[in-house]
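Undergrad: A structural model of the following input is requested.
(2 chains)
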Amino acid sequence: MKTIDLSSASVRELNQALHGDVQDREWRVSRPDGKHNLAVGINQPLSVDIDGHAGYYCAGMNQQASVTVHGNVGVGVAENMMSGSVRVKGSASQAAGATAHGGLLVIEGDAGARCGISMKGVDIVVGGSIGHMSCFMGQAGRLVVCGDAGDALGDSLYEVRIYVKGSVQSLGSDCIEKEMRAEHLQELQALLNEAGLEHKAADFKRYGSARQLYNFKVDNASAY
Amino acid sequence: MCGIVGLYLKKPALEAQLGKLFEPMLQAMTDRGPDSAGFAIYGDEVADGWVKLTLQASAVDYPWAALMGQLEGRLGCSLDWFQNASAAVLKVHTHEAAARAALAELAADVRIMSAGQSIEILKGMGLPAEISSRFGLAGMQGSHIIGHTRMATESAVTLEGSHPFSTGADLCLVHNGSLSNHFRLRQELKREGISFETDNDTEVAAGYLAWRLQQGDSLAQALDGALQDLDGFFTFAIGTRNGFAVIRDPIACKPAVLAETDDYVAMASEYQALASLPGIENAKVWEPAPATLYVWERESA
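TA: The predicted model follows:
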């Protein structure tokens, strides 16, 4: 295992060390002290442990790597992730997993507003609660919330399947509660198990798109 | 973009270190606001019946001693003062209104940055490191402090446009965000008798709070009104004589992070600004919820 201490090394040195021809598969980052853009754009199966709180866009654009933050993260953790996995042991700020196409993002604590905004295929599992406007325009993937969801969940939703165990403060436009069928219980339990969170799929409710905003309705033409 | 930071000490034993603990917090927010910086520090209280004013002149060689001599003659009461770079802190045994009237007459070019029994507001143009060294922040003592690093978007980069803004006796405001209805609100507040010195949006928010407080609102009521009447983005930190408060608009685009230990409560735009605090690795660290008021205050002044 190789360690990079960010009280002496720069963020650029860290990211460059994780790109290109990398010999060591396991990395540890000490003294992150809330710095932004840590472990971004990795494109190989590395394992990175960040020992403390990270700032904005941590593990953004991740491909293949497995990144664990032993603390909280700022805005936009794992934004635009393509594959691999990111685990946050603490809580995340806003826009966690924004626009991410693939991989698994696990947040063991809470996530702030706009969690999973415009998500495009990533799976996000949150151990706690999420803030308002989460999964806005979510296109593909699954969002699992073991706590509560804030206002306007799933506004203008496309095809993300949302599972919430606790209460939902309000649903956004075109987001509705849907029937939990056998295949949903199965995929949810698999996600909870993969995230290592001990919850029963049967305790959750499923939300999805009513698909009423997909197409322009000629009756609304006069509004334009 | 701007940076805001605040530090409230729970233990009086730490008060000697307030400036030393706060200086790296302010400087850590340089990336968010490199054009101006300022802070409001609370401590060194004057007795009841006295008022403390922070004054700013346009130059460091302003003849403060001459002004203070004239002021003592005009007011006919005892006063105490000291100079700090281009600023001076005046403590005078009279009412705030009397001191303001005398200053307006004797030195119309001197600006009153703050008034109260505890508050001192020091601010100016330049990098946060320049502002903190100009005023000797690291050596300052007090119970609590809030600060701001500015990246101007809504109005000119000037001393007057930098934060904190005074909102009344021992009250001040720092703001990260931008208000979109400040022009109309300024007109309405002018009709209510509130005066403004700049085109700055935050000054309107400060004027709004000052007006609500004059109407008899509590700080919580005034901030509740702000959630209704201010249109735009904001994270506010509000300094009070006994502590400080934090509130974010309902959309909460502008960041904020809070940390609490047995020794202090700290807030910042980004966690980076908290990383230098002692014991932060074991602090409770969280993001304040939208449209929710957080207040920390001592029991009494």
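Undergrad: and chain B, which residues reach chain A?
TA: Counting by Cβ under 8 Å from any Cβ of the partner chain, the residues of chain B close to chain A are B:251-252, B:255, B:257, B:270-275, B:281, B:285-287, B:289-290. Where you see a C-beta, it was placed from the backbone N, CA and C, and this is true even at glycine.
Undergrad: just the buried residues of the residues you listed.
TA: B:251-252, B:255, B:257, B:270-275, B:285-287, B:289-290 (16 or more other Cβ atoms under 10 Å in any protein chain shown).
Undergrad: what segments of chain A are strands?
TA: A:2-5, A:26-30, A:47-51, A:66-69, A:85-88, A:104-107, A:120-126, A:140-145, A:161-164, A:175-178, A:205-209 (DSSP state E).
Undergrad: as TSV, the ones you listed with distance to chain B, mean pLDDT and mean neighbour count would be great.
TA: Output for the strands of chain A, formatted as TSV (distance: least, Cβ to the nearest Cβ, whole Å; pLDDT from 0 to 100; neighbours: other Cβ atoms under 10 Å in any protein chain shown):
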stretch	distance to chain B	mean pLDDT	mean neighbour count
strand A:2-5	14	98	16
strand A:26-30	11	98	18
strand A:47-51	10	98	21
strand A:66-69	12	98	24
strand A:85-88	13	98	25
strand A:104-107	12	98	27
strand A:120-126	14	98	26
strand A:140-145	16	98	24
strand A:161-164	18	98	25
strand A:175-178	19	98	17
strand A:205-209	21	98	20
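Undergrad: Throw those strands into a markdown table and include distance to B:L103, thanks.
TA: What follows is the strands of chain A, written out as a markdown table (distance: least, Cβ to Cβ, whole Å):
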| stretch | distance to B:L103 |
| --- | --- |
| strand A:2-5 | 53 |
| strand A:26-30 | 54 |
| strand A:47-51 | 54 |
| strand A:66-69 | 53 |
| strand A:85-88 | 54 |
| strand A:104-107 | 55 |
| strand A:120-126 | 56 |
| strand A:140-145 | 58 |
| strand A:161-164 | 60 |
| strand A:175-178 | 59 |
| strand A:205-209 | 62 |
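Undergrad: now for the residues of chain B next to chain A, which pair is the farthest apart?
TA: By the measure Cβ to Cβ, B:I251 and B:E281 form the most distant pair in the residues of chain B next to chain A, at 31.5 Å.
Undergrad: which strand residues bridge whatever residue of the stretch 51-200 of chain B ends up closest to chain A?
TA: Nearest to chain A, among the residues of the stretch 51-200 of chain B, is B:N176, at 13.5 Å (Cβ to the nearest Cβ). Beta-bridge partners recorded for B:N176 (DSSP bridges): B:T235.
Undergrad: can you give me the helices for chain B?
TA: Under the criterion DSSP state H, chain B carries helices at the ranges B:18-28, B:64-75, B:96-106, B:128-135, B:182-191, B:201-214, B:219-229.
Undergrad: A:D219 is nearest to which of those helices?
TA: Closest approach to A:D219 among those is made by helix B:219-229 (35.0 Å; Cβ to Cβ).
Undergrad: quick one: average pLDDT of that closest one?
TA: Here helix B:219-229 scores 93 as its mean pLDDT.
Undergrad: now stretch A:181-201
TA: For stretch A:181-201, mean pLDDT rounds to 98.
Undergrad: next, the buried residues of that stretch.
TA: In stretch A:181-201, counting by 16+ other Cβ under 10 Å, buried: A:184-185, A:187-188, A:191-192, A:195, A:199, A:201.
Undergrad: repeat for stretch B:133-146
TA: Going by neighbour count (16+ other Cβ under 10 Å), the buried part of stretch B:133-146 is B:134-135, B:137, B:140, B:142-146.
Undergrad: in those residues, find the pair that's most separated.
TA: Longest distance between any two of the buried residues of stretch B:133-146 is 22.6 Å, between B:R134 and B:S143; criterion Cβ to Cβ.
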